[in-house]
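K.L.:
Fold the following, please.
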Amino acid sequence: MTSSEVAQKGKLAKAASRQLAITPTKVKNYALERMAEALEKNAAAILAANSIDLEAGEKKELSRTLLDRLSLDGPRIKGMIEGLNAVKALPDPIGEIISEWARPNGLKIRKVRVPLGVIGIIYEARPNVTVDSAALCLKAGNAVILRGGSDAINSNVEITRVIAEAARAAGLPEGCLQLIEEPSRASAQALMRAREFVDVLIPRGGQGLIRTVIKESSIPVIETGEGNCHAYVEKSADLKMAAEIVANAKCSRPSVCNAIETVLIDQEIAAAFIPPLFKKLRAAGVELRGDAAVRKIDATVKLATEEDWSTEFLALVLPVKVVAGVDEAISHINKYGTKHSETIVTKDKKAAAKFQAEVDAAAVYVNASTRFTDGFEFGFGAEIGISTQKLHARGPMGLAELTSYKYLVDGNGQVRV
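P.N.:
Numbering: from 1, shown residues only. Next up, the predicted model:
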């Protein structure tokens with residue numbers, strides 16, 4: 001039964017986590033090296049498994065967005081290998097002394113970084129998440145239980161088999177990396193309730209998945225992923241730069257959470273900026289929607305609805321709104337945004353500073369695309385997800401975000417009076 005699979009693998013993971021917490025850095029790094037080699041050696045088998053998933057997805061008439069997320073090819077496997085090697089090269093956070101001090105009574109206190117324990121990952125149709133999650137969790141001394149979506153089951157089973165075997169051969173404990181192979185809803189529910197085995201749960205996927213996990217889990221959850229991101233083009237902006245940033249943030253990969261979903265344009269430049277911007281976006285296949293002010297400039301644009309402002313399309317659909325200035329832009333973003341990534345294009349340093357100070361999001365950019373909100377781009381090697389909450393991590397989650405801490409207190413006979 002599904003619950004027995006979760007319990008069995010949960011017990012193994014719990015035992016493995018205790019060993020991983022004291023595993024030397026050189027052993028963890030060697031395991032990551034072997035895992036990278038195994039991916040390269042078994043690339044053909046992984047692509048064959050992925051082709052089965054893609055064929056099934058096409059028969060199920062999955063959207064182009066989902067098929068893109070599901071798809072693997074040579075460059076994407078190479079990217080997973082690069083991620084493993086990048087994580088290997090990063091400093092090991094475990095054992096790091098965050099701070100230390102002495103008390104007047106002679107007690108010496110150290111705040112030291114330690115693993116979280118067992119991390120559960122529930123994710124949808126992105127097989128690369130399997131490798132990224134494994135790399136980061138293991139390097140940070142955590143055991144990991146993966147539960148991918150049914151659309152990617154063959155890909156995930158093969159990838160996990162390959163890298164788990166490599167990790168064990170390199171000296172990591174049995175049960176350090178496991179996949180729940182029963183892709184039913186019941187398996188996800190069982191994992192969400194496996195509090196005796198799992199210390200933290202991280203959902204990666206669409207709005208529906210994330211909200212379901214938050215609602216149903218009895219395990220602490222780190223909320224990730226949902227990205228209703230915005231670009232605001234302020235009146236002083238370099239319009240050529242602004243058009244390039246908007247096009248990149250929307251079109252380079254619209255199916256990911258750091259792509260923008262709304263553009264806000266200052267009313268003073270709307271008439272000059274909208275025609276060339278729309279020409280560029282239409283050439284890239286973007287369906288444009290606009291408020292009344294936008295439609296006065298381009299009557300062919302479909303009228304945006306209230307729902308459009310709060311929708312994460314994950315597709316080439318882009319609502320556009322004209323705003324009176326930076327205050328209205330900030331107000332709109334803080335009302336409709338999901339606290340993920342926001343950007344302002346401006347030459348005005350005061351407007352930039354105000355935007356960065358007042359917008360409530362994990363990553364707030366000035367004159368750059370939101371597409372950089374990514375663990376690899378931030379120098380973390382890879383990411384476990386992009387947290388849109390404030391406890392205990394925010395933004396791209398790398399090694400440090402997969403740790404907790406404990407206090408080590410040394411005395412010489414002190415007793416409390």
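K.L.:
count of residues packed around E100?
P.N.:
Other residues within reach of E100, judged by other Cβ atoms under 10 Å, total 12. (Glycine included, C-beta is placed from N, CA and C.)
K.L.:
Next, work out how far apart it and E287 are.
P.N.:
E100 sits 57 Å away from E287, taking Cβ to Cβ, to the nearest Å as the criterion.
K.L.:
do the same with G120
P.N.:
37 Å.
K.L.:
More neighbours: which of those two?
P.N.:
Neighbour count, other Cβ under 10 Å: between G120 and E287, G120 has more, with 29 against 14.
K.L.:
Which strand or helix spans that one?
P.N.:
strand 118-123 (DSSP states H and E).
K.L.:
what does that strand contact?
P.N.:
10, 13-14, 17, 129, 133, 137, 142-149, 188, 191-192, 194, 197-205, 209, 213, 219, 384, 402 (Cβ atoms under 8 Å, 6 or more residues apart in numbering).
K.L.:
before we move on, what about stretch 400-410?
P.N.:
Contacts of stretch 400-410 (Cβ under 8 Å, 6+ apart): 93-94, 98, 107-116, 119, 136-137, 140-142, 384, 387, 392-393.
K.L.:
For ChimeraX, what selects the buried ones among those residues?
P.N.:
Per 16 or more other Cβ atoms under 10 Å, the buried members of the contacts of stretch 400-410 correspond to this ChimeraX selection:
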select :93,94,112,113,114,115,116,119,136,137,140,141,142,384,387,393
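K.L.:
Mind checking which of the contacts of stretch 400-410 are in helices?
P.N.:
136-137 (DSSP state H).
K.L.:
the domain parsing of the chain - what is it?
P.N.:
2-224+384-410, 229-372 (automatic domain parsing).
K.L.:
As TSV, the ones you listed with distance to R416 would be great.
P.N.:
Output for the domains of the chain, formatted as TSV (distance: least, Cβ to Cβ, whole Å):
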stretch	distance to R416
domain 2-224+384-410	9
domain 229-372	41
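K.L.:
Please render those domains as JSON lines that adds distance to F378 and mean pLDDT to the earlier fields.
P.N.:
What follows is the domains of the chain, written out as JSON lines (distance: least, Cβ to Cβ, whole Å; pLDDT from 0 to 100):
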{"stretch": "domain 2-224+384-410", "distance to F378": "5", "mean pLDDT": "95"}
{"stretch": "domain 229-372", "distance to F378": "8", "mean pLDDT": "97"}
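K.L.:
Identify the single longest helix in the protein, thanks.
P.N.:
Counting by DSSP H, the longest helix found in the chain is helix 2-20.
K.L.:
Tell me the gap between the helix or strand that that helix is followed by and the middle of its chain.
P.N.:
Scanning forward in sequence from helix 2-20 by DSSP H and E, the next helix or strand is helix 25-41. Averaging C-alpha positions (Cα atoms, centre = their mean, to the nearest Å) puts helix 25-41 23 Å from its chain's average.
K.L.:
which residues are contacting the helix or strand just after helix 25-41?
P.N.:
Using DSSP H and E, the helix or strand that directly follows helix 25-41 along the chain is helix 43-59. With contact meaning Cβ under 8 Å, 6+ apart, helix 43-59 is reached by 39, 66-67, 70-74, 77, 125, 127, 151-155, 157-159, 162.
K.L.:
What about those, which are in strands?
P.N.:
Using DSSP state E, no member of the contacts of helix 43-59 sits in strands.
K.L.:
picking that back up, the strand holding G120 to helix 2-20, inter-axis angle?
P.N.:
Interaxial angle of strand 118-123 relative to helix 2-20 (axes from the mean of the first three to the mean of the last three Cα atoms, to 10 degrees): 130 degrees.
K.L.:
in the stretch 51-200 of the chain, which spans are helices?
P.N.:
64-70, 74-89, 128-139, 153-169, 185-192 (DSSP state H, counting those that start in this stretch).
K.L.:
Could you pull up the residues touching I386?
P.N.:
I386 touches 224-225, 227, 257-258, 340-341, 362, 373-375, 395-397, counting by Cβ under 8 Å, 6+ apart.
K.L.:
neighbours around T130, how many?
P.N.:
26.
K.L.:
who touches it in this structure?
P.N.:
Taking Cβ under 8 Å, 6+ apart as the test, what T130 contacts is 146, 148, 155-156, 159-160, 163, 179.
K.L.:
who wins for most neighbours among those?
P.N.:
I159 (30 neighbours).
K.L.:
A31 versus that one, what's the distance?
P.N.:
From I159 over to A31 (counting by Cβ to Cβ), the distance is 15 Å.
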